[in-house]
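J.: Build me a model from this:
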Amino acid sequence: MQFSNFQEFIEMGGYAFNVWSVYGMFLIFLTVNLYGPLRKNRLIIRDLKRRYALNAQAPATSSDFDSQSSPGSETIEEERA
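T.: Predicted coordinates for the structure are as follows:
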């Protein structure tokens, strides 16, 4: 289909509402599908950074756990001796 001027292009042969609404819905769909995952990715990274910062601030309990013997280990060691 050829158009003799820009006004005919905009009118789309009398189907302007249908044609331009489909283009509009496509642009909305494209925007949501591009922006949504980027936003989700930023939220995940922000959450991981927050968790990492909280873990770095927490006292290291693993070294305390290593220096202490677990309950019941005395009896096992006594039986071996």
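
J.: Ile10 and Arg50, how far apart?
T.: Note on Ile10: its distance to Arg50, by C-beta to C-beta, to the nearest Å, is 50 Å. Quick note: C-beta positions are derived from backbone N, CA and C, even for glycine.

J.: For this protein, which segments count as helices?
T.: Using DSSP state H, the helices of the chain run over 6-11, 16-57, 62-67, 73-80.

J.: Would you mind putting the ones you listed into JSON lines with mean pLDDT and mean neighbour count alongside?
T.: Shown next, in JSON lines, are these (pLDDT from 0 to 100; neighbours: other C-beta atoms under 10 Å):
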{"stretch": "helix 6-11", "mean pLDDT": "89", "mean neighbour count": "11"}
{"stretch": "helix 16-57", "mean pLDDT": "94", "mean neighbour count": "10"}
{"stretch": "helix 62-67", "mean pLDDT": "54", "mean neighbour count": "8"}
{"stretch": "helix 73-80", "mean pLDDT": "55", "mean neighbour count": "9"}
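
J.: Could you report the distance from Phe26 to Val19?
T.: Applying C-beta to C-beta to Phe26 and Val19 gives a distance of 11 Å.

J.: wait, Ile28
T.: 15 Å.

J.: Same check on Ala53?
T.: 51 Å.

J.: same deal with Val32?
T.: For Val32, the distance to Val19 - C-beta to C-beta - is 21 Å.

J.: What of Asp47?
T.: 43 Å.

J.: Name all residues that make contact with Trp20.
T.: Met12 (C-beta atoms under 8 Å, 6 or more residues apart in numbering).
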